[in-house]
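Undergrad: Sharing a sequence plus its predicted fold:
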Amino acid sequence: ADSGDGFSALRTACINEINKLRATESKPPYALWSTSAIDTCVDEQATYDQSHNSPHDAWINGVYPTCNGNGQDECLGYPLTASGIIACLDSMWAEKNQSNCSGCPACAGAYNPSCPNCDFYGQNGPECGHYVNMSALYFSEAACGFSTLSNGSWEVQNFQ
C-alpha cells in the first residue's frame, strides 16, 4: 500500500510478517487495512503516543478514532526499518511461549480478556495480549502506523 507518506515498504513488511506468523498456526491472513485516511490516522496515533511517551494513549482515549478498530499493539524503541518492525512483531508473537500465556491459543475464536491461563493485560506477569491480537480469528484486517517524529521508533498495529 502506498499512501505517499514514505511508509509503504514498512506497512508491507508489517502485514507480511503478521501473516507469516499467522500461517505458522494455519490461520487465514489479515488484509492490510489501508487507505490514505487510515494510514494517516495510525501514523498520528504512533506519533502522539511517542510525543507523550505513553503507549496506547491515543487509542485508549480516542484521540484519532477513525482508525481505532477493536485492538492495538504497539512497538517501542525498535528501529524504523523493515527489520525493526519484524523484530518487534516476532517478539510479540513469542508471548505465547510464556507460561502465563499457554491458554491463549484457545482464545483465538472470540475476544475474552479473562480466558484461562492467558494474562491478556499482564496483570499477573508478562502480558499476552499482543499475541492474542495478532492470532485472533475475530479480526480480519490490520493497519500499521509509524511515528513521524525525527527520532521515530514507535509503531502501532490496529486490528479490526
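TA: Sure, I can see it.

Undergrad: all helices in the protein, in order from the N-terminus.
TA: For the chain, the helices defined by DSSP state H occupy 8-23, 36-51, 57-60, 82-93, 129-135.

Undergrad: and the angle for the second one with helix 8-23?
TA: I take that to be helix 36-51. 90 degrees (axes from the mean of the first three to the mean of the last three Cα atoms, to 10 degrees).

Undergrad: and helix 36-51, what other elements does it pack with?
TA: Judged by 3 or more Cβ pairs under 8 Å, 6 or more residues apart in numbering; DSSP states H and E, the packing partners of helix 36-51 are helix 57-60, strand 71-76, strand 141-146, strand 154-159. (Glycine included, C-beta is placed from N, CA and C.)

Undergrad: Format the ones you listed as TSV; extra columns: mean neighbour count.
TA: Listed next are those as TSV, based on neighbours: other Cβ atoms under 10 Å:
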stretch	mean neighbour count
helix 57-60	20
strand 71-76	22
strand 141-146	26
strand 154-159	26
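
Undergrad: got any ranges where the protein has weak pLDDT?
TA: Across the chain, the ranges flagged by pLDDT under 70 are 1-5, 152.

Undergrad: looking at it, which residue lies furthest from center?
TA: The centre of the chain is farthest from one residue, residue 116, which by Cα atoms, centre = their mean lies 22.4 Å away.

Undergrad: How about that residue, nearest residue that isn't a chain neighbour?
TA: residue 103 (4.8 Å; Cβ to Cβ, 6 or more residues apart in numbering).

Undergrad: what about that neighbour, how many neighbours?
TA: Neighbour count for residue 103, taken as other Cβ atoms under 10 Å: 14.

Undergrad: And for residue 115?
TA: 19.

Undergrad: what does the one 5 residues further on give?
TA: Counted by other Cβ under 10 Å, the residues lying close to residue 120 total 20.

Undergrad: residues contacting it?
TA: Each residue near residue 120 by Cβ atoms under 8 Å, 6 or more residues apart in numbering is listed here: 107, 113-114, 127-129, 132.

Undergrad: Just the buried ones out of the residues you listed, please.
TA: Using 16 or more other Cβ atoms under 10 Å as the burial test, the contacts of residue 120 include 107, 127-129, 132 as buried.

Undergrad: Grab the two from these that are most spread out in space.
TA: Within the buried ones among the contacts of residue 120, 107 and 127 form the most distant pair, 13.2 Å apart (Cβ to Cβ).
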